[in-house]
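Peer 1: Here's my sequence, what's the structure:
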Amino acid sequence: MQTFTSFERLLSIKRYSPATIKTYTGLLSVFQAFVGSEKPIQELETSTLLHQVLRIVEAKKYTYSSHKQLISALSLFLNEMHRRKVDFRPVYPTQRPQPLPKILSTQEVKAILSASSDLKHRTMLTLVYALGLRSGELIHLKITDIDSQRKVIHLKSAKGNKDRILPLPDNLRDLLRAYYVKYQPQEYLFNGQNQSGKNSLTYSPQSLRKVFGSACQKAGIRKKVTLHSLRHAYATHLLEAGLRGAARISGLFNSSWVTILSEPHKYDSLLIVFNRQHLALVEGAGREEALGILFRFFNDAMQ
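Peer 2: The predicted structure follows:
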């Protein structure tokens, strides 16, 4: 059976994320095994290829995302490696299901964070919630990404290969300092362990999910929630507290959220509304002044 080592190398050269490379090559390997080893994927006729896509989606009960990723992987593999363009529109998923996410209340979030007696685990979950981080962003956060003097955290090459600047509230900075003093991490903020029990530079996504699941169980959370639910809670709670446009700051580019930043990476022009503080308009404020306003609100919101 063919391997996809050359394709994997090409994606790495083209700077696809490790997660995307793993997903694409994994889906291609499963697809090749499903259709059989007699013919490599690139030699299948278009009609057979499309038919097999429908078969595997039904047989494996692929979700919308997996269905879409499989087609993206096949299209990219055939085009880049074999200069073959295939029209996958006849088997492309047409409508994405949009179930409403289960939102954790502020009380539930506090219970989850309080349930983590381990300082390292509590710090990780607190960062996910307080900054609206994705799990991959947390895991790849480096010590050098934290600027305590300027009170900001620089997320580099986040989703979409875009950088983000996030404010670092005082109480979160104190928590990070306590964590750093105790654990003395190397390079990455959260180091893990490999299967042999030896230290690893990065924490594994599986271990992070287990930490969240354990905290939810201890806190008595019965909702079907995932680690990403903390990120949803972050944006929702900020909006409930009166900060419009929180979604844009956190990188959630959904049209249902109100945008206040004219440019996602600039703070020169802000329209901020704090219902609690009756602050209606800050426009044309200097960068440091605008960030200061944000910091004060984040500090208040996290109390």
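
Peer 1: Only C-alpha atoms from now on, for both contacts and neighbour counts.
Peer 2: Will do.

Peer 1: what's near enough to touch L49?
Peer 2: Going by C-alpha atoms under 8 Å, 6 or more residues apart in numbering, L49 touches I41.

Peer 1: that's a helix at it, yeah?
Peer 2: Yes: L49: assigned to a helix according to DSSP: H, G, I helix; E, B strand; the rest coil.

Peer 1: All the strands of the stretch 51-200 of the chain, in order from the start?
Peer 2: Taking DSSP state E, counting those that start in this stretch, the strands of the stretch 51-200 of the chain run over residues 146-147, 152-155, 164-167, 192-193, 199-200.

Peer 1: count of neighbours near T63?
Peer 2: 14 (other C-alpha atoms under 10 Å).

Peer 1: likewise the one 10 residues further on?
Peer 2: Residue neighbour count, defined by other C-alpha under 10 Å, stands at 19 for A73.

Peer 1: Check S29 too.
Peer 2: When counting by other C-alpha under 10 Å, one arrives at 15 neighbours for S29.

Peer 1: measure the residue at minimal distance from the centre of the chain to S12 for me?
Peer 2: In the chain, the centroid-proximal residue (C-alpha atoms, centre = their mean) is R134; its distance is 2.8 Å. Distance of R134 to S12, computed by C-alpha to C-alpha, to the nearest Å: 22 Å.

Peer 1: Please apply the same query to L138.
Peer 2: Using C-alpha to C-alpha, we find L138 at a distance of 22 Å from S12.

Peer 1: okay, those two: which has more neighbours?
Peer 2: Using other C-alpha under 10 Å, the more surrounded residue of L138 and S12 is L138, with 24 against 14.

Peer 1: Next one, pLDDT for the nearest residue in space to the more buried one that is not next to it in sequence please.
Peer 2: Nearest residue to L138, sequence neighbours excluded (C-alpha to C-alpha, 6 or more residues apart in numbering): V128, at 6.9 Å. pLDDT recorded at V128 is 91.

Peer 1: Just to check, V128 is in contact with L141?
Peer 2: No: using C-alpha atoms under 8 Å as the test, V128 is too far from L141 to be in contact (11.3 Å).

Peer 1: give me the low-pLDDT residue ranges for the stretch 101-250 of the chain?
Peer 2: Counting by pLDDT under 70, the stretch 101-250 of the chain has low-confidence residues at 101, 157-161, 194-200, 235-250.

Peer 1: could you pull out the helices for it?
Peer 2: Applying DSSP state H, counting those that start in this stretch to the stretch 101-250 of the chain gives helices spanning 106-115, 119-131, 135-139, 170-183, 205-219, 228-241, 246-250.
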